[in-house]
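Engineer: Provide a 3D model corresponding to the input given below.
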Amino acid sequence: MENNITKINFFKKVWYSITKISKYEDMRKEGLGKSIKYILTLTLWLAIILAIFATILQISISNKAISYLDEKLPQMKFKDNVLSIEDEDATILNEDEFKEYFKNAVVINTLLEKQEAVNQYKDLATENNDVLVFLSDKYIVISNKYNPENENEEGITTYNYSDISDKYIKDKSMEYTKTHLIEYLRNHSSATYYFAQFWIIYLAMITFIYFVYIILISAGIWLATKLAKFKWTFKESLMNTIYAATLSEIIYVAYMIVSYYAKFSISFMDIISLVLIFVYLFILLWKDKKR
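Structural biologist: Numbers count the residues shown, from 1 in each chain. The predicted structure follows:
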């Protein structure tokens, strides 16, 4: 019997956890270590799947955004911490198409001084969106907190190009153009870059959420069975909860994938996830009590 138990592989455990509650006892016999390994492996694979879908979507959005910038940005040059543009007219990126990709309005006007730019473009700031104004030697961020009647500059943040170039530009004598900017954006929009980023984020997020769920539910079930004089040790409660969380975790990740593409949200999704775990545990308690 023990040899048969050790042959329960990961995919069978997923299947048994969802469809065969009667197999929980066999899986528990493998020990707590195997149970923890199972839920971590499940979380690892689900985070990978979620990261793949998020990467595909992000790559699509990034490519469209970069193509938009390539079309809309004026020809520009950056050398010795000075930005210059060929077209002397200001470029304002704030239309609906721009807002699909970027949160804040962007203005490029190298002919104005700082205060002139603030006075001219402050009205583009809204409650949710700031305004980035690129001048010849610096760029400023204007938020809706700025009030010209105040004597201070609350709501205005200034960044000198020299501070940025010291950190990110190796060859300061080189002249950088719009072409360099677009190439830089494309190189930093690779699938590998996004996948690694998303995978770490989602792995940490899912692990934390279900770690909290499993510990709290296990403790609650253990106390409930103890008060009801029904013998489940905390270790048994923990292992049962781990397997009972399988469908909940899969549905939660599936919901996140669908919400990415359909752009909708269910405010009570966390409650649904918890209810699913309790349903499995209730059925298991009912079956064990009947024995």
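
Engineer: CA atoms for contacts and neighbours, from now on please.
Structural biologist: Noted.

Engineer: residue 141 belongs to a strand?
Structural biologist: Yes - membership of residue 141 in a strand is supported by DSSP: H, G, I helix; E, B strand; the rest coil.

Engineer: low-confidence ranges, the chain, go.
Structural biologist: The chain contains residues with pLDDT under 70 at 1-6, 151, 172, 289-291.

Engineer: need the helices for it, in chain order.
Structural biologist: 2-6, 10-19, 24-28, 32-72, 96-99, 114-121, 161-168, 178-187, 191-227, 234-244, 246-262, 269-290 (DSSP state H).

Engineer: what angle do the longest one and helix 10-19 make?
Structural biologist: With axes from the mean of the first three to the mean of the last three Cα atoms, to 10 degrees as the basis, helix 32-72 and helix 10-19 are set at 90 degrees to each other.

Engineer: what helices or strands is helix 32-72 leaning on?
Structural biologist: Helix 32-72 makes packing contacts with helix 178-187, helix 191-227, helix 234-244, helix 246-262 when contacts are defined by 3 or more Cα pairs under 8 Å, 6 or more residues apart in numbering; DSSP states H and E.

Engineer: give the buried residues for the shortest one.
Structural biologist: In other words, helix 178-187. Neighbour counts over helix 178-187 (16 or more other Cα atoms under 10 Å) mark residue 178 as buried.

Engineer: angle of it against helix 32-72?
Structural biologist: Using the same axes, to 10 degrees: helix 178-187 against helix 32-72 is 160 degrees.

Engineer: nearest to residue 84, of the helices of the chain?
Structural biologist: helix 178-187 (10.8 Å; Cα to Cα).

Engineer: what sits up against that closest one?
Structural biologist: With contact meaning Cα atoms under 8 Å, 6 or more residues apart in numbering, helix 178-187 is reached by 63, 66, 69-70, 73-77.

Engineer: ok, now stretch 106-122?
Structural biologist: By Cα under 8 Å, 6+ apart, stretch 106-122 touches 83-85, 88-94, 131-136, 140, 142-144, 146.

Engineer: just the buried ones out of the residues you listed, please.
Structural biologist: Judged by 16+ other Cα under 10 Å, buried ones among those: 83-85, 91-94, 131-136, 140, 142-144, 146.

Engineer: quick one: which of these sit in strands?
Structural biologist: 83-85, 91-93, 131-134, 140, 142 (DSSP state E).

Engineer: convert the C-alpha atoms of stretch 236-250 to PDB, please.
Structural biologist: The C-alpha coordinates for stretch 236-250 follow below in PDB (Å, rounded to 0.1, in the frame of the first residue of the first chain):
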ATOM      1  CA  GLU A 236      -4.300  16.600   8.900                       C
ATOM      2  CA  SER A 237      -6.300  19.800   8.600                       C
ATOM      3  CA  LEU A 238      -3.300  21.500   6.900                       C
ATOM      4  CA  MET A 239      -2.800  18.700   4.400                       C
ATOM      5  CA  ASN A 240      -6.500  18.500   3.700                       C
ATOM      6  CA  THR A 241      -6.700  22.200   3.100                       C
ATOM      7  CA  ILE A 242      -3.700  22.100   0.800                       C
ATOM      8  CA  TYR A 243      -5.400  19.600  -1.500                       C
ATOM      9  CA  ALA A 244      -8.800  21.300  -1.100                       C
ATOM     10  CA  ALA A 245      -7.300  24.600  -2.400                       C
ATOM     11  CA  THR A 246      -6.400  23.100  -5.800                       C
ATOM     12  CA  LEU A 247      -9.500  24.000  -7.700                       C
ATOM     13  CA  SER A 248      -9.700  27.300  -6.000                       C
ATOM     14  CA  GLU A 249      -6.200  28.300  -7.100                       C
ATOM     15  CA  ILE A 250      -6.700  27.100 -10.600                       C
END
